[in-house]
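Below: sequence and its predicted model.
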Amino acid sequence: SSQPFDLVVIGGGPGGYVAAIKAAQLGLKTACVEKRGTLGGTCLNVGCIPSKALLNISHKYEDAHKNFKGLGIKVDNLGVDWAQVQKKKGDIVGSLTKGIEGLFAKNKVSYYKGWGKFATKNEIAIDLNDGKKETITTKNTLIATGSEPTPFPGLEFDEKIIISSTGALSLQQIPKKMIVIGGGVIGVEMASVYQRLGTEVTVVEYLDNICGAIDLEISKAFQKILTKQGIKFLIGHKVLGGKNLGNGAEVTIEPVKGGDKITLTADHVLVSTGRRPYTQGLNAESIGVKLDNKGRISIGHNFTTGVDGVYAIGDVVEGPMLAHKAEEEGIAVAEILSGKVGHVNYDAIPGVIYTSPEVATVGKTEEELKKAGVQYSKGSFPFLANSRAKANDDIEGFIKVLTDKKTDKLLGVHIVGPNAGEMIAEAVLGIEYGAASEDLARTCHAHPTLSEALKEACMSAHFKPIHM
Ligand code: FAD
Ligand code: NAI
């Protein structure tokens with residue numbers, strides 16, 4: 001119809017598609033423009049989901065390879081059919097992206113497959129993927145265009161030899177050697193996948209610890225565990241440059257504190273030094289939308305861009321580049337546009353690294369509390385003393401709980417250990433509801449479960465644990 005839309009969302013990633021569905025559920029006439037051809041954005045197509053599929057498969061293979069014998073399970077002729085692994089990953093991704101198309105239909109979100117850009121602040125010009133052009137009018141627009149891998153100067157992505165996470169998820173074969181530049185989340189997740197499958201992986205990290213922003217004690221323990229698994233870390237090293245040799249690559253590095261240069265060679269170099277906001281070809285600046293010094297869309301209170309009726313969320317704005325953060329923001333914008341109160345609590349956004357064991361955190365790290373001069377108490381509990389972890393023969397790691405010294409309120413929970421990513425939800429809920437560690441310590445947890453370790457860590461923060 002010629003009626004304008006109430007909301008046009010540009011970008012069909014977790015921020016955009018969730019905002020579109022929520023807005024439609026709240027009665028707004030809603031459209032979503034996505035150029036990729038499938039919905040779900042980076043997360044479903046080349047991020048969270050395919051990486052977790054490969055992590056799961058490679059974990060199962062390694063488990064069978066290394067641990068089954070000790071458990072008394074006999075397997076012969078264990079091997080990897082890489083083509084089938086890739087097919088399985090593609091099937092998982094395909095079923096999820098089609099599922100979102102189904103949700104759009106169910107909720108009556110108009111889906112435009114094409115490139116969206118601002119003609120005016122109330123007109124979105126779309127270059128449809130089928131070659132046609134169409135302009136739609138709208139009262140409000142939500143920019144949810146996400147992010148892309150940051151290239152490394154001199155090591156241009158060809159996605160064959162010099163790869164981003166996208167290339168790393170779709171390699172033609174399991175490589176013999178891989179260099180990973182950047183020991184952040186993508187670095188350790190992809191290093192884990194290939195190390196488990198037999199690749200010799202070397203991770204070069206500029207800082208003195210991996211996964212920068214996480215609690216230092218957790219980071220150190222995590223690095224030790226990954227090193228024991230066989231991943232080689234060169235921390236405190238900077239990359240000076242590199243060369244794509246056609247059939248492989250070389251990278252020259254140097255200790256940050258000074259020392260001899262080293263040249264490394266490998267079949268592939270994975271560049272995972274961060275992602276940058278994606279705003280190309282959107283024409284946002286021509287209607288008055290401002291970018292900040294990192295190229296992100298600059299937003300004020302309630303995700304406003306300063307241009308009437310134009311909002312922005314997700315990886316393209318400030319904050320952690322996480323799918324669930326983008327989703328929460330998308331829901332908040334839909335609620336705000338429907339005259340409701342939309343809100344995101346940035347103090348209670350969990351972060352999970354899906355290695356084995358997993359790392360999961362919420363709230364403040366010990367370093368952040370020290371820096372802010374907050375008086376805190378600390379409790380911890382090792383999985384070694386948890387009966388379920390013992391029964392599962394999966395005892396590596398520990399839980400660390402940080403609380404306000406006076407009020408006992410939970411300020412941060414940090415876990416390295418089995419199923420940490422599922423377990424952190426309880427801590428997130430605790431922080432969201434303003435719980436004290438005593439509240440969790442006095443809550444009955446089923447036995448034997450890994451979650452009892454969180455209860456015991458809270459007991460350790462407030463009084464004393466039983467099993468240590
Ligand atoms: P995106 O998902 O990037 O979606 C933006 C979409 O907009 C894209 O599909 C793009 O094609 C489209 N677009 C851009 N410009 C236009 C335009 N002009 N017109 C039409 N369409 C346009 N996060 C987690 O929380 N957990 C994880 O386990 C996790 N794993 C990850 C693993 C990898 C390898 C990577 C790369 C990322 C991972 N992330 C993870 C991060 C997560 O993918 C992002 O935080 C999330 O996708 C951001 O959502 P978004 O909606 O803001 O943007
Ligand atoms: P990142 O910011 O997590 O890590 C980048 C790392 O590279 C940092 O440790 C940094 O110190 C290092 N680095 C930067 N420049 C370097 C250089 N020149 N030489 C050596 N090291 C250098 O970024 P990453 O891993 O690329 O991930 C991008 C985003 O994707 C992250 O923000 C993350 O939130 C998201 N993501 C989330 C996942 C999850 O939630 N499980 C999984 C994968 C990605």
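On my side now, so go ahead. Ligands and ions are numbered 1, 2, ... in the order given.

Could you list the low-confidence segments of this structure?
Counting by pLDDT under 70, the chain shows low-confidence ranges at 1.

how about the helices of it, start to end?
14-25, 41-46, 48-66, 68-71, 82-107, 165-168, 185-196, 216-229, 323-337, 366-372, 387-391, 420-432, 437-441, 452-462 (DSSP state H).

Could you single out the most deeply buried of these?
A comparison of these by mean neighbour count, using mean count of other CB atoms under 10 Å, puts helix 14-25 on top with a mean of 28. All C-beta atoms are positioned from the backbone trio N, CA, C, and that covers glycine.

closest one to ligand 2 among the helices of the chain?
Nearest of the helices of the chain to ligand 2, taken as CB to the nearest ligand atom: helix 185-196 at 3.4 Å.

For the closest residue to N67 other than its chain neighbours, give me the backbone phi and psi.
In space, N67 comes closest to D393 once its chain neighbours are excluded; the distance is 7.0 Å by CB to CB, 6 or more residues apart in numbering. D393 adopts backbone torsions of phi 60, psi 50, taken as degrees, to the nearest 10.

near ligand 1, which residues of the protein?
Selection of the chain residues close to ligand 1 by CB under 6 Å from any ligand atom yields 10-16, 33-36, 41-43, 47-48, 51, 115-117, 144-147, 165, 186, 278, 281-282, 314-315, 321-324, 326, 354.

make it 5 Å
Residues of the chain found near ligand 1 (CB under 5 Å from any ligand atom) are 11, 13-15, 33-36, 41-43, 47-48, 51, 115-116, 144-146, 165, 282, 314-315, 321-323, 326.

where along the stretch 151-300 of the chain do the strands fall?
Remark: strands assigned in the stretch 151-300 of the chain by DSSP state E, counting those that start in this stretch are 162-163, 177-181, 200-205, 232-235, 237-244, 249-255, 262-266, 268-271, 275-277.

Hmm, K66 and the residue nearest to N67 touching each other?
No. Under the criterion of CB atoms under 8 Å, D393 is not in contact with K66, lying 11.2 Å apart.

Who is V239 paired with across the strands?
Taking DSSP bridges as the rule, V239 bridges to I253.

Tell me the spacing between it and ligand 2.
5 Å (CB to the nearest ligand atom, to the nearest Å).

measure that residue to G246 for me?
20 Å (CB to CB, to the nearest Å).

And the two? Which one has more around it.
Just comparing V239 and G246: by other CB atoms under 10 Å the higher neighbour count belongs to V239, 24 against 9.

quick one, what contacts the more buried one?
F152, I181, V204, Y206, V251, T252, I253 (CB atoms under 8 Å, 6 or more residues apart in numbering).

Select only the buried ones of these in PyMOL?
Buried residues within the contacts of V239, by 16 or more other CB atoms under 10 Å, are selected in PyMOL with:
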select buried, resi 152+181+204+206+251+253
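
Pick out the most distant pair among the contacts of V239.
By the measure CB to CB, Y206 and T252 form the most distant pair in the contacts of V239, at 14.2 Å.

For ligand 2, what's the nearest residue on this structure?
G184 (1.8 Å).

what about that residue, distance to T273?
7 Å.

picking that back up, same list, the strands of the stretch 151-300 of the chain, but as TSV with distance to S219 please.
Compiled in TSV, these are given as follows (distance: least, CB to CB, whole Å):
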stretch	distance to S219
strand 162-163	25
strand 177-181	16
strand 200-205	11
strand 232-235	10
strand 237-244	16
strand 249-255	19
strand 262-266	23
strand 268-271	20
strand 275-277	20
